[in-house]
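**Q** Predicted model and sequence below, questions to follow.
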Amino acid sequence: MVDVSEKESVQRYAEAVGDIILQPETINRIRNGTTKKGNVLAVSETAGILAAKRTSEIIPLCHQIPLTSVDIRFEFSETRIHATCGVSAKYVTGVEMEALVGVTTALLSIWDMVKYLEKDSGGQYPNASLEKIRVTMKRKAE
């Protein structure tokens, strides 16, 4: 782990995004709240928040950061859900890994909750995929 003990705490923010590609019928079921496992977006939002808070437990060399805010948002199109995770902290190191873990976990949670709708007759997922997971913003106060 990098020694950050001499650095000053400053306000930091990072945002990460990603998409899950699904069949149009699956997207409609999520929108209408008619999936077997319940409210997909509420569960996925919670999963993303919890994951961001525990990033240091799953990424070996990340610092344990006292987050002050985690915000997960979703936008729909016909065949995809676009997720955004914004993370804030007043600390000595950045929060981009927390944003990436948060958005990825939110998308994985969506997949888990609707995978029964996405499987083909052979049990495969010919349409479902995660795409374009990336950091879109990182800033810190001077």
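**A** Happy to help now that I have it.
**Q** all strands for this structure, in order.
**A** Assigned by DSSP state E, the chain shows strands spanning 10-21, 67-76, 80-91, 129-140.
**Q** Which one, of these, ends up nearest to T35?
**A** strand 80-91 (12.8 Å; CB to CB). Backbone N, C-alpha and C define where each C-beta goes, glycine included.
**Q** now that closest one, how far from the chain's geometric center?
**A** Centroid displacement of strand 80-91 relative to its chain, using CA atoms, centre = their mean, to the nearest Å, is 7 Å.
**Q** again, but for stretch 75-89
**A** With CA atoms, centre = their mean, you get 8 Å for stretch 75-89.
**Q** Could you point out the longest helix of this protein?
**A** For the chain, the longest helix by residue count, based on DSSP state H, is helix 96-118.
**Q** What is that helix packed up against?
**A** strand 10-21, helix 24-32, helix 40-53, helix 55-58, strand 67-76, strand 80-91, strand 129-140 (3 or more CB pairs under 8 Å, 6 or more residues apart in numbering; DSSP states H and E).
**Q** Mean neighbour count for those - can I get that in CSV?
**A** Shown next, in CSV, are the helices and strands packed on helix 96-118 (neighbours: other CB atoms under 10 Å):
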stretch, mean neighbour count
strand 10-21, 20
helix 24-32, 15
helix 40-53, 20
helix 55-58, 15
strand 67-76, 16
strand 80-91, 22
strand 129-140, 14
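**Q** With mean pLDDT as extra columns, can I get the ones you listed in a markdown table?
**A** A markdown table is the format used below for these (pLDDT from 0 to 100):
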| stretch | mean pLDDT |
| --- | --- |
| strand 10-21 | 97 |
| helix 24-32 | 96 |
| helix 40-53 | 98 |
| helix 55-58 | 96 |
| strand 67-76 | 97 |
| strand 80-91 | 97 |
| strand 129-140 | 97 |
